[in-house]
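Participant: take a look and give me a structure for this.
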Amino acid sequence: QMIVRGIRSMTKNDWVLTRESGAVSFDIGIESGSESVRDHMKKRFSNLDMDEFIEQAFINKVPCRLLLIVGYLNETREDFQQTLNMLKKYKKYQSMIPEVFPGTTMSILPGTTVWEDHKNDLSLNGGENFWTYAKNPTLDFRERLKRRIVLAEECRKLGYKIDEENGMKLMDFLWKIQIQKQQQSITDIETNVLSDQKYS
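Facilitator: Next comes the predicted model:
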């Protein structure tokens, strides 16, 4: 696993050494094509840093699997479009991008940093996947699910490999839970009681 580093901190020579040392592949948490989304989650790298990183990985033939988060707290439609635009831009590097991994949509657990930092503006609404954020009220579960489906469709159109089956099964299951107004179990990851540490 690797953090995106700009060319000032990971030079071209560093990339050569990385390749020569036997680097096989990187999983990189890009998360979003939007700088404002990444800044909100305290991922301090710019789009330029990311462009340089992907280009150097391509030049040095080090495959990179792109890890994304769909529907982060402050993600607007414009931010989401920037993620789609990023995937289009990186199509030329596709031979070094074996897979795009978007997971499902963002879930929030009590006890995590996201929860602690924003809990005054968050409502869980009966499930860690069904949260709403007062500062971005249009980003409900339905909208997050829509964006996840659109992202998968765009990845397929662009020719990226994407692990769809398990993610879509889970999202279908969660959608049925929500429309039937059922509850997910809410897990506090900071609890010390083993029996309380359950996933929904």
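Participant: hey, let's count contacts and neighbours off CA atoms from now on
Facilitator: Noted.
Participant: who's in contact with Asn125?
Facilitator: Trp131, Thr132 (Cα atoms under 8 Å, 6 or more residues apart in numbering).
Participant: make residue 1 into 397 and carry on from there
Facilitator: OK, 397 is where the count begins now, so the last one is Asn521.
Participant: helix or strand: which one has it?
Facilitator: Using DSSP states H and E, Asn521 sits within no helix or strand.
Participant: pLDDT wise, what is it at?
Facilitator: At Asn521, the model reports a pLDDT of 84.
Participant: where's it relative to Ile424, distance?
Facilitator: 31 Å (Cα to Cα, to the nearest Å).
Participant: buried sites along stretch 403-420?
Facilitator: Ile403, Met406, Lys408, Trp411, Thr414, Arg415 (16 or more other Cα atoms under 10 Å).
Participant: how about the strands in the protein?
Facilitator: Per DSSP state E, the chain carries strands over the ranges 422-427, 460-464, 496-497, 518-519, 528-529.
Participant: make CSV out of those strands and add mean neighbour count and distance to Lys487.
Facilitator: Converted to CSV, the strands of the chain look like this (neighbours: other Cα atoms under 10 Å; distance: least, Cα to Cα, whole Å):
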stretch, mean neighbour count, distance to Lys487
strand 422-427, 18, 15
strand 460-464, 20, 12
strand 496-497, 20, 11
strand 518-519, 17, 36
strand 528-529, 19, 33
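Participant: put together CSV for those, with distance to Phe441 on each row.
Facilitator: CSV is the format used below for those (distance: least, Cα to Cα, whole Å):
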stretch, distance to Phe441
strand 422-427, 9
strand 460-464, 15
strand 496-497, 19
strand 518-519, 26
strand 528-529, 24
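Participant: among these, which comes closest to Lys439?
Facilitator: Checking the strands of the chain against Lys439 by Cα to Cα gives strand 422-427 as the closest, at 8.7 Å.
Participant: quick revisit: nearest to Tyr489, out of the strands of the chain?
Facilitator: For Tyr489, the closest of those is strand 460-464, at 9.9 Å, according to Cα to Cα.
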